[in-house]
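Participant: Structure, please.
(chains A and B)
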Number of protein chains: 2
Amino acid sequence: MKRVLLTGASGFIGRHAGAVLERLGFEVIAVSHRAVDGSAGTSVACDLMDPGQVDRVIKEVKPSHLLHLAWYTEHRLFWGSPLNLDWVAASLHLARAFASAGGKRMVCAGTCAEYDWANPATGAWAGPMDERETATRPRTLYGVCKNSLREMLEAFSREAGISFAWGRIFFLYGPGEHPDRFIPSVVRPLIRGERATVRAGGFVRDTLHAQDVAGAFAQLLDTQVAGSVNIASGQAISLGDMARKASAIIGREDLLDVGDVRATAENPASVLAKVDRLRGEVGWQSSIGLEEGLRQVVQWHRENMGKIASE
Amino acid sequence: MKRVLLTGASGFIGRHAGAVLERLGFEVIAVSHRAVDGSAGTSVACDLMDPGQVDRVIKEVKPSHLLHLAWYTEHRLFWGSPLNLDWVAASLHLARAFASAGGKRMVCAGTCAEYDWANPATGAWAGPMDERETATRPRTLYGVCKNSLREMLEAFSREAGISFAWGRIFFLYGPGEHPDRFIPSVVRPLIRGERATVRAGGFVRDTLHAQDVAGAFAQLLDTQVAGSVNIASGQAISLGDMARKASAIIGREDLLDVGDVRATAENPASVLAKVDRLRGEVGWQSSIGLEEGLRQVVQWHRENMGKIASE
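Facilitator: Down below sits the predicted model:
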């Protein structure tokens, strides 16, 4: 029996993960800060910041698998927040408890912000990032904490004899995204009939639908592939082109302004991923094309415009 | 007023730190798992694994400085123990609590095991390790955890606006050392009139008296020097020569066998330190020569032979 403890089950990625895990034959115990109605599997409320609660849940559930997606993700603030330290501590405790209770296979969420993004002198294209070839050089507290957690969990897993992989998430979009993030910041004004501006129209980013990200994590968990694996589309598309596609769906290309700014080390012209491991070793394929995904997103924001604005 | 919270105050290094800190004008609040009689400063019992206790002590003490030496150090076991994860978590919490309570200057204990020790193919001399030039490549869970903690605390300190240095400890000796460690493993049989063997007689290690290490940490804390600083003698001496000096002090050179083994990546021929930062920027000088230090150690083991054997 494959029984997975899923953390961050109510999050932007996690909310899609339970259903995919069930399709893969997992019994799903979905943990989040509050129990969630209607989610796949069994929903359990657990504060991951409370080691005692974590110990109790793990002892009761005795999961064979752990998919750990939970983290502090408050838009913009997460980059430099001291809460990143708390999430490292909580994740270390969770991993120890999982291994102690006989857990066998663990996958945790990492980030493209672990990589050295670009030549700091030029901000120039560094090529798609490769799990084995590209150096790690995180420039933010968030990136440093994720990178450090990965290194510690790799060393710990070797000692504890558990199988461990680390999925590095690139850029995301999908229904329910924070209104200040890139796609909503374009889509929402256009829906309202207001102008929308893309400042860095020429920058290319590997961008994947949250449901595809969840699917890739679930499939990675169901293998024995070890180490870092990019969770990304492998496609290069510019922010300008993404915005143009969204504006065409809304039918308001006339309201879209696409500019261009100079690349910096923090905001490089290109953040792309090699996905040979995800495609070849994990065998994953995207199930939602960009066009279809953007249609979903536009639809979602049309339906939830007032709701989010009043939050 | 300089008020320092000293952790690991009853440890092998920490027990010497309080007195030096007081000489440097610090008010010392010495924290250890149990209050210690006769130590310098005010002794406070605090379980660093309990965040609530740590918060209470920090709020009460409001330290301007933090010297964090505490860690899990059980001989041999510490290299691979999962307790390393708990100490990372506890250290992150301590640093956050310190910064939140207005702390200004923090120094923590790192290790030479963060460095890439040697060419793994040859095990050959890699030269003295330099804080800026030598790559980090820890090979043990202990080394990985220390290295990761350093990277996270550096990033956190930048965000929190506190001054931070990281003292990398090399090899230690001194009174009260565990009987299975190198110097006691030579000294104790010789005192008993039994043969002692040094297997890797040709290996050179930077070795410093625990009291000197404590003095270097205290002095580092009293500067604004930032980043990693090797805490070491800068001297090269072979294990064989150290053992010969000790045997001469005991007067039993006849009982000493010095062998030689092949170097490996885990046990390289040379682990030496550049100490330009410690000497030049911190202005530290050793106060205990090897000869004098070994005499102290021999004396200590003569007096405590039975006591430790019965433990």
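Participant: Chain A against chain B: which residues are in contact?
Facilitator: When proximity is defined as Cβ under 8 Å from any Cβ of the partner chain, chain A approaches chain B at A:80, A:82, A:85-86, A:88-89, A:92-93, A:95-96, A:99, A:138, A:140-141, A:144-145, A:147-149, A:151-152, A:154-156, A:158-160. Placement of C-beta: from N, CA and C, glycine included.
Participant: show me the contacts for residue A:117.
Facilitator: Applying Cβ atoms under 8 Å, 6 or more residues apart in numbering or on different chains to residue A:117 gives the contacts A:126, A:137, A:139, A:265, A:266, A:268, A:271.
Participant: ugh, typo on my part, it should be residue A:302
Facilitator: Shown in contact with residue A:302 (Cβ under 8 Å, 6+ apart): residue A:191.
Participant: Give me the neighbour count for residue A:152.
Facilitator: Number of residues near residue A:152 (other Cβ atoms under 10 Å in any protein chain shown) recorded here: 24.
Participant: So, low pLDDT: which residues of the stretch 201-311 of chain A?
Facilitator: Along the stretch 201-311 of chain A, the parts satisfying pLDDT under 70 run over A:307-311.
Participant: could you list every residue that touches the residue of it found nearest chain B?
Facilitator: The stretch 201-311 of chain A approaches chain B most closely through residue A:266 (14.0 Å), counting by Cβ to the nearest Cβ. Counting by Cβ under 8 Å, 6+ apart, residue A:266 touches A:117, A:139.
Participant: let's see 6 Å
Facilitator: Counting by Cβ atoms under 6 Å, 6 or more residues apart in numbering or on different chains, residue A:266 touches no other residue.
Participant: Wasn't it part of a strand?
Facilitator: No - per DSSP: H, G, I helix; E, B strand; the rest coil, residue A:266 lies outside any strand segment and is coil.
Participant: Which of the residues of chain A next to chain B fall in helices?
Facilitator: A:85-86, A:88-89, A:92-93, A:95-96, A:99, A:141, A:144-145, A:147-149, A:151-152, A:154-156, A:158-160 (DSSP state H).
Participant: Generate a PyMOL selection restricted to the buried entries among those.
Facilitator: Remark: buried members of those, expressed as a PyMOL selection using 16 or more other Cβ atoms under 10 Å in any protein chain shown:
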select buried, chain A and resi 85+86+88+89+92+93+95+96+99+141+144+145+147+148+149+151+152+154+155+156+159+160
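Participant: related to what we said a few turns ago, where's the residue of the stretch 201-311 of chain A closest to chain B relative to residue A:143, distance?
Facilitator: Using Cβ to Cβ, to the nearest Å, residue A:266 is found at 11 Å from residue A:143.
Participant: nearest to residue A:186, of the contacts of residue A:117?
Facilitator: Nearest to residue A:186, judged by Cβ to Cβ, of the contacts of residue A:117 is residue A:271 at 18.2 Å.
Participant: Might one say that that closest one is in contact with residue A:207?
Facilitator: No - Residue A:271 is beyond contact range of residue A:207, at 9.6 Å (criterion: Cβ atoms under 6 Å).
Participant: These two: who's more crowded?
Facilitator: A count of neighbours by other Cβ under 10 Å puts residue A:271 above the other of residue A:271 and residue A:207, at 24 against 21.
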